[in-house]
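kindly generate the corresponding structure for this input.
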Amino acid sequence: MTFTTIVIGDELLIGQVADTNSGFFARHLAPYGWQARQVITVADNARQIEQALNQALEQTPVVLITGGLGPTKDDITKNTLCHFFGGTLRHDPETEANVRAIVAGRGLKLNEYTLSQAMVPTSCRVIQNRCGTAPIMWFERDGKVVVSMPGVPYEAETMFTAEVLPRLIRHFHRDMAIAFRHCVVVGIIESALAMRLDEFERNLPEHIHLAYLPQPGWIKLRLTGNHPDATALDAEMTHLNDVLHDLLGDLIVADNDLTLSAVVGEILRRRNLTLATAESCTGGNIAREITRIAGSSDYFIGSVVSYNRRVKESVLGVPAEIIDRENVVSEPVARLMAEGVAKYLNTDCAVATTGVAGPSGGTPDIPVGTVWIAARVGNRTITQCRHIPGHRERVIARATNDALLLLLNLLTHNDS
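Residues are numbered from 1 along each chain as shown. The predicted model follows:
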């Protein structure tokens, strides 16, 4: 099954706003065997919108539209779709009730422009947007489906996941059961993993597919199967998942569709361990990733953002003479930061980072992108130096990822 995403808005074409919705749709539809054929970006222009719709409907059975549904005069998507699919605009009492509830909940005053969101095409099926005032509109023509959603990423993502995706699956897969199995793999590069699983993949039945979803330093594997018999499919998927475990052994560190921080969190919770972070160049980003996981308070105690050396010395106990002798970006400082925060916050585990995120501050000996990372579990501390190319945000993101990987490596190869 293929689909097209049309993103509407002048602000997208001038680079004022980046499109994130199309990628979100693609990631969430891919597990069900759907492929994005194209993404079309158009201005708030009726002719361009209709041209994009005609092109998309010629090539794919599903078209997802975001943008242009606001209450202002330049938001013309609703009127354009009404003209394209026929019918007239009608007042929808349920949509009006939703609009009033959203506005009241935000402590705002309702005006006639916002209330106009309750006017919807007679040719569509309305799906209430519980995150905003612009309703979602579902159109059908000749067996094909067009769904128009708000452009605001929070609204589009939330409502797509809660309402649109389940309806699409039911609409196009009424007689087909779909099942998934996930696992997280570390300690092997993608090409080596593919070689190890070559025979496994070649022997998969046609209705089951293995996907590689690589991330920096780790890989997520996803088995996707579809079959009319749900019970038989579930048994088959469970068997194949067991075979994967036999083939990969300790390379598999988690069995669920998890992020790296969630994998670390599951191990910490299972082993009843606590964690703290000491962050310099990452500025609290590791703590942010950890605390994005619901329930992380079970194992995460806190963080010391020791951006200035005075904090490293006075809070984490890093001796000034070591910083002067070794440099603040060095293996001994990273090690002492991890040990210091574990002692200061009384935790079983710790990670620490110290580096040069850039764009300035580098030297010939310690260039921009140099990051020392330390991870501690029990009484064992390991360190790693990374040289990360790219801009400041990339250095911070990769250092965060590598710090979690180093901790994961120690957790899975530590007997303490």
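
buried sites along stretch 98-116?
98, 99, 102, 103, 114, 115, 116 (16 or more other Cβ atoms under 10 Å). Placement of C-beta: from N, CA and C, glycine included.

which ones among these lie within helices?
Secondary structure from DSSP state H places 98, 99, 102, 103, 114, 115 of those in helices.

re the thing from before, for residue 399, state which of the buried residues of stretch 98-116 is nearest.
residue 102 (39.8 Å; Cβ to Cβ).

who's in contact with the closest one?
131, 132, 133 (Cβ atoms under 8 Å, 6 or more residues apart in numbering).

tell me what the lengthiest helix in the chain is packed against?
Longest among the helix segments of the chain by residue count, using DSSP H, is helix 392-412. Packing partners of helix 392-412 (3 or more Cβ pairs under 8 Å, 6 or more residues apart in numbering; DSSP states H and E): strand 177-186, helix 260-270, helix 285-291, strand 349-355, strand 370-377, strand 380-387.

residue 48 is nearest to which of those?
strand 177-186 (35.4 Å).

identify each buried residue in the following helix or strand past that closest one, please.
Proceeding N to C from strand 177-186, the next assigned helix or strand is helix 190-196, under DSSP states H and E. If you call a residue buried by 16+ other Cβ under 10 Å, then helix 190-196 has these buried ones: residue 193.

can you list contacts of whichever helix or strand comes after helix 190-196?
Downstream of helix 190-196, the next assigned helix or strand under DSSP H and E is helix 198-202. With Cβ under 8 Å, 6+ apart as the contact definition, helix 198-202 has outside contacts at 194, 210, 243, 244, 247.

need the contacts of residue 102 in a markdown table (columns: neighbour count and distance to residue 371).
Formatted as a markdown table, these follow (neighbours: other Cβ atoms under 10 Å; distance: Cβ to Cβ, whole Å):
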| residue | neighbour count | distance to residue 371 |
| --- | --- | --- |
| 131 | 16 | 38 |
| 132 | 22 | 40 |
| 133 | 27 | 45 |
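
any idea which of these is closest to residue 403?
residue 131 (33.5 Å).

what's the closest non-adjacent residue to that closest one?
Distances taken as Cβ to Cβ, 6 or more residues apart in numbering put residue 155 closest to residue 131, at 4.3 Å, once the chain neighbours are dropped.

and for the one you found, the neighbour number?
21 (other Cβ atoms under 10 Å).

shouldn't it be within a helix?
Yes: using DSSP: H, G, I helix; E, B strand; the rest coil, the assignment for residue 155 is a helix.

from residue 254, how far out is it?
31 Å (Cβ to Cβ, to the nearest Å).
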